[in-house]
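Enquirer: My questions concern the predicted model and sequence given below.
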Amino acid sequence: MLNNLNQTIYFITGPTAIGKSDLAIRFAKKVNGVIINADSMQVYSNLKILSARPKKKIIDKVNHELYGYVEGNERYSVANWCNDVLKIIDKNEKKNLPSILVGGTGMYIESLIKGLIEMPSIPEFYKKESGKVLKQKGLKNFTKEILLFDPKALNSISKNDSSRLRRIWEIYKSTGKNYSYWKNKNNKKFLDNFTFKIFLFIPPRDKIYLNINERFIKMINEGALDEVKKLKNLKLDKSLPIMKAHGVPEILNYLENNSSLEECIIRGQQVTRNYAKRQLTWWRSSTLPIHQVFDQFPNQIDENLIKI
């Protein structure tokens with residue numbers, strides 16, 4: 001737990017490709033704060049370009065934490081992130097430095113604020129086995145198997161969400177108790193009774209999409225193909241989070257001669273736009289208390305307009 005609760009925690013968030021880092025740096029300078037990553041893919045050391053991780057010249061301007069510090073072969077989770085964030089916030093508290101979380105992974109932010117269901121750790125054997133069973137049975141029959149031991153769990157997820165379906169299967173097979181059982185247990189609280197303020201940026205969707213299209217081409221020009229080629233050479237399990245990052249499967253298809261570069265770019269842009277759309281929907285339906293909402297891009301906002 002945190003030693004004292006005097007500091008307010010700030011969140012600068014919104015969909016991908018809107019340029020949150022620029023405002024975050026200006027705001028951090030204003031309040032003498034520390035920027036903490038709240039993007040699930042920017043934690044990976046192997047994914048600098050496709051995750052749009054802030055460049056070194058930007059990071060050097062203000063203290064940044066939890067960027068590029070996890071290896072791609074790790075199954076880094078929201079629980080890992082919440083615990084790591086808590087350590088950084090605790091350190092900042094002792095130095096009387098405000099913590100500024102920046103990123104668009106809403107589930108991470110919500111879990112940090114509302115708490116997280118304490119799920120058991122899954123042995124690697126079951127993680128690999130779930131992939132084998134899914135491949136053997138196919139998604140439809142794999143889902144039918146889950147229906148036998150945890151029908152409630154299927155009510156809250158997409159029928160095509162193979163990652164979460166595998167997780168439900170793994171929990172039951174490794175513990176003998178289903179996901180719904182663990183979900184009903186008490187949440188682990190991270191920021192209970194802690195003051196926080198969320199600054200949400202929702203620019204026009206068409207302009208976000210334009211940014212996404214331009215940014216993906218820029219990523220290709222800056223070396224995204226080589227970045228994914230290095231991941232390919234590591235022969236990582238394709239079920240790992242890093243291998244599902246937007247652009248990675250699409251570039252892998254190109255590297256394996258299953259698509260042209262043009263098709264790769266079009267598909268990479270499309271999956272990222274789809275992600276931005278889901279983020280916008282998520283935030284509009286979120287029950288988190290929002291301190292301020294802006295309908296502009298962060299780089300168009302004067303940091304003095306942020307009410308602290």
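Expert: The structure has been received and is ready for your questions.
Enquirer: which residues in the stretch 151-300 of the chain form strands?
Expert: Ranges of strands within the stretch 151-300 of the chain are 187-188, 196-201, 292-294, based on DSSP state E, counting those that start in this stretch.
Enquirer: Make JSON lines from these and add distance to Lys57, mean neighbour count and mean pLDDT to it.
Expert: C-beta coordinates here come from the backbone N, C-alpha and C atoms, glycine included. Rendered in JSON lines, the data for the strands of the stretch 151-300 of the chain read as follows (distance: least, CB to CB, whole Å; neighbours: other CB atoms under 10 Å; pLDDT from 0 to 100):
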{"stretch": "strand 187-188", "distance to Lys57": "37", "mean neighbour count": "14", "mean pLDDT": "73"}
{"stretch": "strand 196-201", "distance to Lys57": "23", "mean neighbour count": "21", "mean pLDDT": "96"}
{"stretch": "strand 292-294", "distance to Lys57": "26", "mean neighbour count": "15", "mean pLDDT": "97"}
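Enquirer: is it true that Tyr44 touches Met243?
Expert: No - Tyr44 lies out of contact with Met243 (CB atoms under 8 Å); the separation is 10.4 Å.
Enquirer: which stretches of this structure have low pLDDT?
Expert: Confidence mapping of the chain against pLDDT under 70 gives the ranges 1-6, 156, 186, 193.
Enquirer: Of all the strands of the stretch 151-300 of the chain, which one is nearest Thr13?
Expert: For those, proximity to Thr13 was assessed by CB to CB; strand 196-201 is nearest, at 5.8 Å.
Enquirer: Need the CA coordinates for stretch 25-38. CSV is fine.
Expert: Coordinates of the C-alpha atoms in stretch 25-38 are reproduced here as CSV (Å, rounded to 0.1, in the frame of the first residue of the first chain):
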residue,chain,number,x,y,z
ILE,A,25,5.3,16.4,-21.2
ARG,A,26,4.1,19.9,-21.0
PHE,A,27,1.8,19.0,-18.2
ALA,A,28,4.6,17.1,-16.4
LYS,A,29,6.9,20.1,-16.6
LYS,A,30,4.1,22.3,-15.2
VAL,A,31,3.5,20.1,-12.1
ASN,A,32,7.0,18.6,-11.8
GLY,A,33,5.5,15.2,-12.4
VAL,A,34,6.6,11.7,-13.6
ILE,A,35,5.0,10.2,-16.7
ILE,A,36,4.0,6.5,-16.3
ASN,A,37,3.0,4.4,-19.3
ALA,A,38,-0.6,3.2,-19.5
